[in-house]
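Visitor: Build me a structure from this.
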Amino acid sequence: MNRRAVALACCIMLAGTLAWAQYGDEGYQMARVVAFERVAENAQHPENADRYKISMLLGNTVYNCYARGPASTFIDWSPGKEFPTRLGDKVLLVKSPNGQIVELSIVGRKMAK
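Guide: Next comes the predicted model:
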């Protein structure tokens, strides 16, 4: 009887841990990359060297965004990939595969076809 009680307690703790882990992603929805391209470098504006133009489908809306960051941040980004995303006021907060949160500045939005 004692072993059963311990096993039951372990199962309850495991279920609680899994529920708590999912709670950490509250507010995030899966969004799909529709288009991804690196903005061409300009010799007159070297500050735009690490700039990307990204379109994300969240729900039934396509968000056109710009982001900055090293190439290593966007190594796994390609059309069709899905990432956990949270919609802010003028930004999309995207969790990249390496666990980093990337901020995408929204420049436009349109309804998906």
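Visitor: For the residue positioned nearest the centre of the chain, which three-state class applies?
Guide: In the chain, the residue lying closest to the centroid (Cα atoms, centre = their mean) is residue 94, at 2.5 Å. With DSSP: H, G, I helix; E, B strand; the rest coil as the basis, the three-state label of residue 94 is strand.
Visitor: Pairing partners for it in the sheet, please.
Guide: Judged by DSSP bridges, the bridge partners of residue 94 are residue 85, residue 102.
Visitor: What pLDDT is listed against it?
Guide: The score at residue 94 is 94. That number is its pLDDT.
Visitor: Confirm residue 4 sits in a helix?
Guide: Yes: according to three-state DSSP, residue 4 belongs to a helix.
Visitor: What's the separation between it and residue 12?
Guide: Per Cβ to Cβ, to the nearest Å, residue 4 is found 13 Å from residue 12. C-beta: built from backbone N, CA, C; applies to glycine.
Visitor: quick revisit: just checking, the residue nearest to the centre of the chain touches residue 104?
Guide: Yes: using Cβ atoms under 8 Å, residue 94 is in contact with residue 104, at 6.1 Å.
Visitor: you'd agree residue 96 is up against residue 83?
Guide: Yes: if you go by Cβ under 8 Å, residue 96 and residue 83 touch, sitting 6.7 Å apart.
Visitor: where in the protein is pLDDT low?
Guide: 1, 5-11, 13-25, 42-49 (pLDDT under 70).
Visitor: burial measure for the closest residue to residue 84 other than its chain neighbours, as a count.
Guide: The spatially closest residue to residue 84, leaving aside those adjacent along the chain, is residue 28, at 4.0 Å (Cβ to Cβ, 6 or more residues apart in numbering). If you count neighbours by other Cβ atoms under 10 Å, residue 28 ends up with 16.
Visitor: can you pull the contacts of residue 28?
Guide: Residue 28 makes contacts with 84-86, 95, as judged by Cβ atoms under 8 Å, 6 or more residues apart in numbering.
Visitor: In the protein, mark out all the helices, start to finish.
Guide: In the chain, the segments counted as helices under DSSP state H are 2-23.
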